[in-house]
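K.L.:
Coordinates only, no sequence provided:
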DNA sequence: ATGCATTTGTTCGTATGTATG
DNA sequence: GCATACATACGAACAAATGCA
């Protein structure tokens, strides 16, 4: 056993965290702190091994961890790069916000911007299959991944069909759990309509994006298992941070 | 029977074209000539009935025809409006350009902008599942509906897998027919990835769109019936003329 | 909040022209 | 010529949605 090996083993014994994990955490903090920005190349595995005083295998294990978390991208023969900050929004029949974020190994969170009952305008009524003026509940929500805003969504629910949805949303602060509370245990994405436009000033501010970048605008209709429309959603995503992916 | 009734009946007898169809054709020509532009309101049914000297039912039959053709939009209590120039691009497993356009009762056409063999860069190689530098054939095409540009697409084909694709594209000037010629009778959309960005000057010029409007950028992968990748496409669509719709 | 005018949507009934056998 | 079926066209009345004062 070499002297370094022995020293590293003692370190592991001391705080119960493996070396590769501590190296991964160190690199993660450095990347998130912004010392390296999107697309930047990390030092080579050899350089990192020398810096941390460990074997190259240990560094590789740490980098693999970061790669799985989506924080870096490893390219054979070229090096490791800080991942572009893109989230792929995979559209399927069962699309849920927090599952989407967690699949990218990020921490979902959110902020409720508005919650109230109002009368449907033409567009919302058409989406929900109601007449204009019908009572609907609006739930406006800013979605975050690791604290960065990535979606700004207005969810409309038919108040008559979903009794108690307002109170459920107030209590749960989340769509899926609130729907469950009013008896919709499951729901499916019926259609998704995508277009793009420039953000308003407040949209750009909320989504922390440049006003010169377009946003993806997405109209969704969700139905319960019987096929009744239970939600009309109008979501906005910042480009190029978010891409929408369909795999039929 | 009123005098008008008798006169209209005689007109129908004379040239064998029903009244409502002649009225629909007249209105269609007036709209397409540009006398009315997108979003403009047509005269009321009553006014049109007076103008053509027919019953309101007859006008309604003509308007229904135009509405089905997607030329106008009828709204109860408000009137009839010249349809906004939006094309819904319905994404499914079998998405073909000319079928898409024809489903909207428009006339598809196109212009080949570029056709040549080159070496795949990283992005194209990743899409096609090849190594960078592999020979690929690029087919760049501007798609038109009723003479208006609505898509700007770069299609990349693996030269080694599809022998003769360059010549087939040169002869056919269309993707589906060229693929058929090299033995790919059918192909399926495997994935679709959407984002948005601002157009370059030349993209805006080709698509006849304002540079202040974003374009939808779409990466597609098409496979043959065995699942082998046979095309990687990079299409750009002008907003708000085009929307992308997914219905799983 | 209410009533009113405007406009489209729907449903009766009636008469005529076309096509078929 | 006649019977039948169907689409076209007209007339009248009422329902429903919209916009406005």
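P.N.:
All right, it came through fine. Just so you know, these numbers come straight off a predicted model, no measurement behind them. Numbering: from 1, shown residues only, chains lettered A, B, ... in the order given.

K.L.:
Torsion angles phi and psi at the residue nearest to the spatial centre of chain A?
P.N.:
In chain A, the C-alpha nearest the mean C-alpha coordinate belongs to residue A:101, at 3.4 Å (C-alpha atoms, centre = their mean). Per-residue torsions, residue A:101: phi -70, psi -40 (degrees, to the nearest 10).

K.L.:
residues in contact with it?
P.N.:
Taking C-beta atoms under 8 Å, 6 or more residues apart in numbering or on different chains as the contact definition, residue A:101 lies against A:87, A:107, A:108, A:143, A:145, A:150. For every residue, glycine as well, the C-beta is placed using N, CA and C.

K.L.:
helix/strand/coil for residue A:102?
P.N.:
Of the three states, residue A:102 takes helix under DSSP: H, G, I helix; E, B strand; the rest coil.

K.L.:
Surely it touches residue A:96?
P.N.:
No: in this structure, residue A:102 is not within contact of residue A:96 by C-beta atoms under 8 Å, at 9.5 Å.

K.L.:
Who has more neighbours out of those two?
P.N.:
For residue A:102 and residue A:96, the more surrounded residue by other C-beta atoms under 10 Å in any protein chain shown is residue A:96, and the numbers stand at 16 against 13.

K.L.:
ok, and the closest non-adjacent residue to that one?
P.N.:
Leaving aside its chain neighbours, residue A:96 sits nearest to residue A:176 (5.6 Å; criterion: C-beta to C-beta, 6 or more residues apart in numbering or on different chains).

K.L.:
now residue A:173
P.N.:
Here the residue nearest residue A:173, using C-beta to C-beta, 6+ apart, is residue A:112, at 5.5 Å.

K.L.:
Let me know whether the one you found touches residue A:140 as I believe.
P.N.:
Yes: using C-beta under 8 Å as the test, residue A:112 is close enough to residue A:140 to be in contact (7.2 Å).

K.L.:
More neighbours: which of these two?
P.N.:
Using other C-beta under 10 Å, the more surrounded residue of residue A:112 and residue A:140 is residue A:140, with 17 against 13.

K.L.:
Beta-bridge partners for the more buried one, please?
P.N.:
residue A:114, residue A:154 (DSSP bridges).

K.L.:
what about whatever residue of chain A ends up closest to DNA strand D, which SS state?
P.N.:
Closest contact between chain A and DNA strand D, by C-beta to the nearest atom of the strand, is at residue A:132 (3.9 Å). What three-state DSSP gives for residue A:132 is coil.

K.L.:
Tell me the secondary structure at residue A:47.
P.N.:
Quick answer, by three-state DSSP: residue A:47 is helix.

K.L.:
now do residue A:51
P.N.:
Classified using three-state DSSP, residue A:51 is helix.

K.L.:
residues in contact with it?
P.N.:
Contacts of residue A:51 by C-beta under 8 Å, 6+ apart are residue A:43.

K.L.:
Got the confidence number for it?
P.N.:
Looking at residue A:51, its pLDDT reads 80.

K.L.:
Please report the distance of residue A:61 from residue A:22.
P.N.:
11 Å (C-beta to C-beta, to the nearest Å).

K.L.:
what residues does chain A put near chain B?
P.N.:
By C-beta under 8 Å from any C-beta of the partner chain, the residues of chain A that approach chain B are A:88, A:91-93, A:189-198, A:212-216, A:239-240, A:242-248.

K.L.:
Quickly run through the sheet partners of the helix or strand harbouring residue A:245, with directions.
P.N.:
Element membership for residue A:245 (DSSP states H and E) is strand A:242-246. Here strand A:242-246 is paired, per DSSP bridges, with strand A:87-91 (parallel), strand B:187-197 (antiparallel).

K.L.:
hey, where'd the helices end up in chain A?
P.N.:
Ranges of helices in chain A, per DSSP state H, are A:3-15, A:19-32, A:45-52, A:56-68, A:97-103, A:122-128, A:165-172, A:175-181, A:201-206.

K.L.:
Output these as TSV; include the columns distance to DNA strand D.
P.N.:
Shown next, in TSV, are these (distance: least, C-beta to the nearest atom of the strand, whole Å):
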stretch	distance to DNA strand D
helix A:3-15	66
helix A:19-32	49
helix A:45-52	64
helix A:56-68	51
helix A:97-103	31
helix A:122-128	5
helix A:165-172	23
helix A:175-181	27
helix A:201-206	25
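
K.L.:
picking up where we left off before, in contact with the residue of chain A closest to DNA strand D: list those residues for me.
P.N.:
So residue A:132 contacts A:119, A:120, A:121, A:122, A:125 (C-beta under 8 Å, 6+ apart).

K.L.:
Closest to chain B out of those?
P.N.:
residue A:122 (8.6 Å; C-beta to the nearest C-beta).

K.L.:
and that closest one, how many neighbours does it have?
P.N.:
12.

K.L.:
In space, what's closest to it - neighbours in sequence excluded?
P.N.:
residue A:132 (5.2 Å).

K.L.:
correct me, but residue A:140 touches residue A:110?
P.N.:
No: Residue A:140 lies out of contact with residue A:110 (C-beta under 8 Å); the separation is 10.6 Å.

K.L.:
quick one, what contacts residue A:246?
P.N.:
A:90, A:91, A:192, B:91, B:191, B:192, B:193, B:194, B:246.

K.L.:
For those, could you give me JSON lines that also reports distance to residue B:55 and pLDDT?
P.N.:
Listed next are the contacts of residue A:246 as JSON lines, based on distance: C-beta to C-beta, whole Å; pLDDT from 0 to 100:
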{"residue": "A:90", "distance to residue B:55": "54", "pLDDT": "82"}
{"residue": "A:91", "distance to residue B:55": "48", "pLDDT": "85"}
{"residue": "A:192", "distance to residue B:55": "43", "pLDDT": "90"}
{"residue": "B:91", "distance to residue B:55": "43", "pLDDT": "87"}
{"residue": "B:191", "distance to residue B:55": "53", "pLDDT": "87"}
{"residue": "B:192", "distance to residue B:55": "48", "pLDDT": "92"}
{"residue": "B:193", "distance to residue B:55": "53", "pLDDT": "90"}
{"residue": "B:194", "distance to residue B:55": "48", "pLDDT": "92"}
{"residue": "B:246", "distance to residue B:55": "43", "pLDDT": "85"}
